[in-house]
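A.B. asks: have a look at this prediction, sequence included:
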Amino acid sequence: MPQKLLEQEGLTSKEAQKRLLEYGENTLSAKKKSGPLKIFLGQFRDLMVIILLISTVLSVMMGEITEAITIIAIVLLNAVLGFVQEYRTEKTLEALKEMAAPAAQVVRDGEVVSVPASQMVVGDVFLLKAGDRVPADALILSSTNLYADESLLSGESEPVEKHPAKTLETDFGPGKLEAVYMGTVITKGRGKAIAAATGMESEMGKIAGMLDDIEEDPTPLQLKLDQLGKIVAIGCVGICAAVSVAGILRGENLFDMIITGISLAVAAVPEGLPAIVTISLALAVRRILKRNALVRKLHAVETLGCANVICSDKTGTLTENKMTVREVVTPDRRLTVAGENYADSAFFEDGKKFEAVSHQGLMSLLEIAAFCNNATASREKGGFGLKERWQTTGEPTEAAIQVLAAKAGVIPQELRWFREREIPFDSDRKMMTVVGGMGSRHRVFTKGAPDILLGRCTRYQDERGVHPLNEGVRSRILKENNRMAETALRVLGFAYRDASSIQGNLEEDLIFVGLAGMIDPPRPEAKAAVEKCRRAKIRPVMITGDHILTACAIAKDLGILREGDLTLTGKELDEMSDEALDRVVAKVSVFSRVNPGHKLRIVRALKKRGDIVAMTGDGVNDAPAIKEANIGVAMGGGTDVTKEASSIILLDNNFATLVAAIEEGRVIYQNIRKFIRYLLSCNIGEVVTMFVGMLMGMPVVLTPIQILLVNLVTDGLPAMALGMDPAQDDVMELSPRSSEESIFSGGLLGTIVFRGMLIGLTTLSMFVAFYRLYGGVEAARTGALMTLIVAQLFHVFECKSETHSLFGVPFFNNKKLIGAVMVSGGIAFLASENTWMRAIFQTIPLTLNQWLLVLGASLIAPILSALLLKLGREKPLENPVPMKTVRIPRSDSFGG
Ligand code: ATP
């Protein structure tokens, strides 16, 4: 196939499918996934469970068959519960990985389609642009200023310029200038390439490196809990051993005592804590995804809740990124641009139609707008009562000016110039140039940020012709620029010049022709999101490449810029030392005309203060700042490199989504505290019951099967459901927690121990009461068993809030919890009321009065807590550690 045709058509989907089957996916050997069986068997990894199972086998040998079967059934049931949760977690994480996998822009059947990079095959023609991670080894078909960073393969840190291959027969091999390689990064420009090697055949495959994946390392919280789990486990095992030894010394049956000790250890050791945290984090990831943000790193969910500064881009994140040109200003005219329906007469001056063709300078401006542009615009016919609409492709700023030109009838295809060269736009230069050729003539067409572009102009053109650009005209133009920017318009300047060659320093000695001001309305939900941040003591900061006045107008409108805040421009930042920036950074709420390099300085300055910073970005140059931020936030439409550096991706590019993710981060942390509180206090309750009972010389309070029953009905479903508790209303009314805060901060540990002891002592007193009132160990055990279970089922509701007592919590807002408690309560009820179950659990049937006694006793602890809370003796736990605050010396205001 001739090269031109190949570039346009690419492979057919049928051929691509065939090659995919034949040669396999374009992936580097994937890590082995854990299958369902492995996950299920993993549930029995725990040492305590293994010992329990061995002792059960021993008890079968000694003839205790019913007991053994029950123990095994309970252990199995627990394993099934654990398996279901873990399997779901695994699936969630897998699905996320797939979503985060890179995509490639591939030409198939003559159309550019987005295909997962793993589905690419040899022969696929694909597009490359700055910020892309190259999906396969490929020969270059065409390129514009294309540079690739190949340090991954060559160790060379300077990006290499790439050129089209002269023929497709070029030998392929490492280090070629006509080729790009899988895993390397396009740093500048764009191009088209044809895949020559994929998967393990690629250069990258040969050295078998792995690309960044979703990170699954344990999060800091998981690590901490792992440690805590170990300490508690050692303590518990010690106590359980003591219980057994005390029993044996007192003359109880040796074997029974060993099984009692082990059962208690199984019930009391919070071995599942880190697992539950992982599951909760994964569930939170799913909830955050529903709100349109993709979490790439699990630990981000934890950090989200600590964020106290959000640095956000303006365009597209705080605004809609839907640009429409409203005003055009030439050195001698101020024109407004009509809306959609005025296509025949686009311009108005003082309310009167203005004919563009009559104005040389304006026609030059429109020509630059149409030609120095990579977007397209066409008019979509209305009909059926629908209005005519502009159909555009490409970057919104460019699309807006392409529409502007088209409204005045200037169409790129009809221009006499053909494109000879492009110097692409980048946010460091804030300009873009296209060189046009006509016969032997060359013309430079440039557009860009007016304040920067004007510095490159020496002449200007108006209705009457070209004149030298004196200071008077220059300052008049800048005034016009400021006037438009103050009304939140984003302004672009236009200039051109004829040139003798297409090389050299083209963007100088230009002829300025005018300005175009476009609106980009703030996102409707952004204002409310900013307000939410304020209430949640999170400081929103705008960082934008746009003009200071445009930025300030929008920041004021959204509530980001307030009385007393400072603003800084990129230029001022350049002139400032790091120390000076450190002094003021906490007061600056708008950074304008910055380039990506500045973002890194800003993040560092904020982090030095102890701020936990979320930073958004989409361009390739934003990656370092995103990596440096505590929470790097990439945009759904951003470059691969930024996405890889980020810990969370906003699929809809929306600021409000980031705030929602932070809210979920806070909720999940609260929920983790909730179930840690619940699990630990219940476990302490169980240990206290057994240990104190033993110390006081009582008969063994609960049999192994009864202990395992308690563990099953309280630790399983209710704890899980608590992890899914909805947000407390005030979660965004609190200050962010400090990242160094312990999970037990604010007196949580004391509350846990206190409540655990209360549960244990209540259970013991019911054991004594039932023993005395109703005679017999079986009655006493049943009373104690039911009290222990019911007290824990009440306690689970108390754990919903750290500020309210059992009588003040919203009972019914977590249906799963209600369901879990009903199931658990039902099982407990049957364990005493059903003949069959009674035989297994060695219980007696309880009368109504006895049940009332159990219920009453179980309410003692919650009533006591409620009273203490009321008397202010037990401090509310919420928001325990105040945020670190740094005193900022007063300083002069910067910028506008
Ligand atoms: P943010 O960081 O908030 O997304 P931004 O998108 O407004 O900011 P840039 O895209 O870096 O920032 O644009 C900075 C300036 O460059 C704009 O104010 C505009 O004047 C100019 N500019 C933007 N797009 C183009 C373009 N395609 N061609 C030429 N100049 C442009």
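C.D. replies: Cool, got the structure. Residues are numbered from 1 along each chain as shown.
A.B. asks: helix or strand next in line after the biggest helix by length in the chain, which one?
C.D. replies: Secondary structure of the chain read by DSSP state H shows that its longest helix is helix 655-695. Remark: after helix 655-695, the chain's next helix or strand is helix 704-710, criterion DSSP states H and E.
A.B. asks: tell me which residue of this protein lies closest to the ligand.
C.D. replies: Residue nearest to the ligand within the chain: Gly545 (2.5 Å; C-beta to the nearest ligand atom). Heads up, the C-betas are built off the backbone N, CA and C, glycines and all.
A.B. asks: and that residue, helix, strand or coil?
C.D. replies: Here Gly545 takes the coil state, with states given by DSSP: H, G, I helix; E, B strand; the rest coil.
A.B. asks: surely it is in contact with Lys430?
C.D. replies: Yes: using C-beta atoms under 8 Å, Gly545 makes contact with Lys430 at a distance of 6.3 Å.
A.B. asks: check which helix or strand the residue lying closest to His804 once chain neighbours are set aside maps to.
C.D. replies: Leaving aside its sequence neighbours, His804 sits nearest to Leu869 (C-beta to C-beta, 6 or more residues apart in numbering; 7.8 Å). Assigned by DSSP H and E, Leu869 belongs to helix 848-871.
A.B. asks: and that helix, what does it pack against?
C.D. replies: In terms of contacts (3 or more C-beta pairs under 8 Å, 6 or more residues apart in numbering; DSSP states H and E), helix 848-871 is packed against helix 748-774, helix 777-798.
A.B. asks: which one of those helices is the most hemmed in?
C.D. replies: Compared across these, helix 777-798 shows the largest average neighbour count, a mean of 24 (mean count of other C-beta atoms under 10 Å).
A.B. asks: let me know the average pLDDT across it.
C.D. replies: Mean pLDDT, helix 777-798: 93.
A.B. asks: so how far is it from its chain's centroid?
C.D. replies: 42 Å (C-alpha atoms, centre = their mean, to the nearest Å).
A.B. asks: what's the angle from it to helix 848-871?
C.D. replies: Between helix 777-798 and helix 848-871, the angle comes out at 40 degrees (axes from the mean of the first three to the mean of the last three C-alpha atoms, to 10 degrees).
A.B. asks: which other helices and strands contact helix 777-798?
C.D. replies: Secondary-structure packing of helix 777-798 (3+ C-beta pairs under 8 Å, 6+ apart): helix 655-695, helix 704-710, helix 717-722, helix 748-774, helix 815-833, helix 848-871.
A.B. asks: count of neighbours near the residue nearest to His804?
C.D. replies: Per other C-beta atoms under 10 Å, the neighbour tally for Leu869 reads 18.
A.B. asks: now swap in Asp462 and tell me
C.D. replies: Burial of Asp462 is recorded as 19 neighbouring residues (other C-beta under 10 Å).
A.B. asks: which ones are touching it?
C.D. replies: Asp462 makes contact with Thr330, Pro331, Asp332, Arg333, Gln360, Gly361, according to C-beta atoms under 8 Å, 6 or more residues apart in numbering.
A.B. asks: what bridges to it?
C.D. replies: Per DSSP bridges, the residues bridged to Asp462 are Gly465.
A.B. asks: separation between it and Ile511?
C.D. replies: Remark: distance between Asp462 and Ile511 (C-beta to C-beta, to the nearest Å) = 11 Å.
A.B. asks: coming back round to it: show the contacting residues for the residue of the chain closest to the ligand.
C.D. replies: Residues near Gly545 by C-beta under 8 Å, 6+ apart: Thr315, Ser427, Lys430, Ala449, Ser592, Arg593, Val594, Asn595.
A.B. asks: pretty sure the residue nearest to His804 sits against Leu806.
C.D. replies: No: judged on C-beta under 8 Å, Leu869 makes no contact with Leu806 at a distance of 9.8 Å.
A.B. asks: got the contact list for the residue positioned nearest the centre of the chain?
C.D. replies: The centroid of the chain falls nearest to Ile648 when counting by C-alpha atoms, centre = their mean (2.7 Å). By C-beta under 8 Å, 6+ apart, the residues touching Ile648 are 288, 293-297, 300, 304, 631-634, 658, 661.
A.B. asks: for those residues, which one is nearest Ala586?
C.D. replies: Closest approach between the contacts of Ile648 and Ala586, by C-beta to C-beta: Ile631, at 18.3 Å.
A.B. asks: which ones among the contacts of Asp462 lie within helices?
C.D. replies: Counting by DSSP H, the contacts of Asp462 place Gln360, Gly361 in helices.
A.B. asks: adding neighbour count as columns, could you present the contacts of Asp462 in JSON lines?
C.D. replies: Conversion of the contacts of Asp462 to JSON lines gives the following (neighbours: other C-beta atoms under 10 Å):
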{"residue": "Thr330", "neighbour count": "24"}
{"residue": "Pro331", "neighbour count": "20"}
{"residue": "Asp332", "neighbour count": "16"}
{"residue": "Arg333", "neighbour count": "16"}
{"residue": "Gln360", "neighbour count": "16"}
{"residue": "Gly361", "neighbour count": "23"}
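A.B. asks: what about the helix or strand harbouring Lys224, average pLDDT?
C.D. replies: Per DSSP H and E: Lys224 is located in helix 220-249. When pLDDT is averaged along helix 220-249, the result is 78.
A.B. asks: ok now that helix, how far from the chain's centre?
C.D. replies: Offset of helix 220-249 from its chain centre (C-alpha atoms, centre = their mean): 36 Å.
A.B. asks: give me the helices and strands touching it, please.
C.D. replies: Judged by 3+ C-beta pairs under 8 Å, 6+ apart, helix 220-249 is in contact with helix 254-268, helix 273-290, helix 298-304, helix 655-695.
A.B. asks: now do the helices in the stretch 351-500 of the chain.
C.D. replies: Using DSSP state H, counting those that start in this stretch, the helices of the stretch 351-500 of the chain run over residues 360-371, 396-407, 450-453, 471-486.
A.B. asks: contacts for the third one?
C.D. replies: It refers to helix 450-453. 429-431, 446-447, 477-478, 481, 491-495, 510, 512, 515, 547, 593.
A.B. asks: now the residues you listed: which count as buried?
C.D. replies: 430-431, 446-447, 477, 481, 491-495, 510, 512, 515, 547, 593 (16 or more other C-beta atoms under 10 Å).
A.B. asks: contacting the ligand as well, which ones from these?
C.D. replies: Taking C-beta under 6 Å from any ligand atom as the test, the ligand is in contact with Lys430, Met431, Lys447, Leu492, His547 out of these.
A.B. asks: just say which of the helices and strands packed on helix 777-798 is most tucked in.
C.D. replies: The stretch of the helices and strands packed on helix 777-798 with the highest mean neighbour count (mean count of other C-beta under 10 Å) is helix 704-710, at a mean of 26.
A.B. asks: find the residues that touch each one of Gly545 and Lys430.
C.D. replies: Counting by C-beta under 8 Å, 6+ apart, the contacts common to Gly545 and Lys430 are Ala449, Arg593, Asn595.
A.B. asks: from the residues you listed, which is closest to Met120?
C.D. replies: Proximity to Met120 was ranked across these by C-beta to C-beta; first place goes to Asn595, at 33.2 Å.
A.B. asks: so what does the closest residue to that closest one other than its chain neighbours look like in phi/psi?
C.D. replies: Excluding its sequence neighbours, the residue lying closest to Asn595 (C-beta to C-beta, 6+ apart) is Asp428, at 4.5 Å. Per-residue torsions, Asp428: phi -80, psi -50 (degrees, to the nearest 10).
A.B. asks: contact partners for Asp428?
C.D. replies: Here Asp428 is in contact with Asn595, Pro596, Gly597, Asn621 (criterion: C-beta under 8 Å, 6+ apart).
A.B. asks: repeat for Val667
C.D. replies: Val667 is in contact with Ala284, Asp725, Pro726, Ala727, Gln728, Val731, counting by C-beta under 8 Å, 6+ apart.
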